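**Q** Fold the following, please.
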Amino acid sequence: MAKTERMMTFPHKTRYTSAGFTLLEIVIVLMVFALLVGGAVTTVVLSSSERALVNASGEIELLAKKARTTAILHQKPYAIEFRENSLRLLPFAEASDGTERTTALGNEIGGSEVKSETGATLRQDVAIDSDISLSVRRWNTENFITPKKNLIPIWRFDPNGLSEPITVRMTISDSYAQDTYHPLTATIANSELEVK
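**A** Numbering: from 1, shown residues only. The predicted structure follows:
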């Protein structure tokens, strides 16, 4: 017997091809896009708070180094006053009209006051972003002091290079940076940053 080839025929099916997207595909693409944009906006907002806190921290550390160096070079005590929205570097004898010159335990900060001398003195004001709230914690205390018009915390720098070890806390809404300064170098010894 000889084999014969048969041709199979199938009923003709028409297929329709779509040139566009389905509604489900469009919704998925829009959701992914919204998530990406939302994440980018959140990152920009968080980084602006973080950037402001890091900049303020750097300005305070730079001013502290300048105060220490100036006290050593001029051989007289200098101070940084923590005001509501600024810091002020000036000779210790001129600082804060005699207020806040004792530690939390009632001891004089850095010894007795030295009278100002005639000659060149350094004074500098550094503005802090108005959104940032500053507070200072003195060595061996637990509470932070927030500068006010009638309460201006002072950080003293002596001619021998020593300064009081303090902690400075900067807050923007729920985010904060907290720096503890070393008394020998006036640099940041410990730093915390929490951005929400």
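
**Q** ranges for the helices of this protein?
**A** For the chain, the helices defined by DSSP state H occupy 23-74.

**Q** Run through it and note the low-pLDDT ranges.
**A** Scanning the chain for pLDDT under 70 picks out 1-18, 42-46, 96-120.

**Q** if we go to 50?
**A** The model of the chain has pLDDT under 50 over residues 97-100, 110-118.

**Q** all strands of it, in order?
**A** For the chain, the strands defined by DSSP state E cover 78-82, 86-91, 124-127, 133-138, 154-157, 166-172, 175-181, 188-194.

**Q** Now mean neighbour count and distance to Ala52 too, for the ones you listed, in CSV please.
**A** All C-beta atoms are positioned from the backbone trio N, CA, C, and that covers glycine. Listed next are those as CSV, based on neighbours: other Cβ atoms under 10 Å; distance: least, Cβ to Cβ, whole Å:
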stretch, mean neighbour count, distance to Ala52
strand 78-82, 25, 17
strand 86-91, 20, 15
strand 124-127, 13, 12
strand 133-138, 19, 12
strand 154-157, 25, 21
strand 166-172, 20, 6
strand 175-181, 20, 9
strand 188-194, 13, 11
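
**Q** Is it possible to get TSV of those that adds distance to Gly39?
**A** As requested, these are exported to TSV (distance: least, Cβ to Cβ, whole Å):
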stretch	distance to Gly39
strand 78-82	37
strand 86-91	36
strand 124-127	33
strand 133-138	28
strand 154-157	40
strand 166-172	21
strand 175-181	18
strand 188-194	20
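
**Q** Nearest to Ile72, out of these?
**A** Among the strands of the chain, strand 154-157 comes nearest to Ile72, with 8.4 Å by Cβ to Cβ.

**Q** Out of the strands of the chain, flag the one nearest Ala56.
**A** That would be strand 166-172 among these, by Cβ to Cβ, at 5.1 Å.

**Q** okay, the angle between that closest one and strand 133-138?
**A** 160 degrees (axes from the mean of the first three to the mean of the last three Cα atoms, to 10 degrees).

**Q** which strands and helices sit next to strand 166-172?
**A** Here strand 166-172 touches helix 23-74, strand 133-138, strand 175-181, going by 3 or more Cβ pairs under 8 Å, 6 or more residues apart in numbering; DSSP states H and E.

**Q** Tell me which residue is most central in the chain.
**A** Leu53 (1.7 Å; Cα atoms, centre = their mean).

**Q** Look up the closest residue to that one, ignoring the ones flanking it.
**A** The shortest distance from Leu53 to any non-neighbouring residue, by Cβ to Cβ, 6 or more residues apart in numbering, is to Ala177 (4.0 Å).

**Q** Quick check: that neighbour touching Glu59?
**A** No. Assessed by Cβ atoms under 8 Å, Ala177 is found out of contact with Glu59, at 11.7 Å.

**Q** before we move on, back to that, format the helices and strands packed on strand 166-172 as TSV; extra columns: distance to Glu164.
**A** Formatted as TSV, the helices and strands packed on strand 166-172 follow (distance: least, Cβ to Cβ, whole Å):
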stretch	distance to Glu164
helix 23-74	11
strand 133-138	7
strand 175-181	9
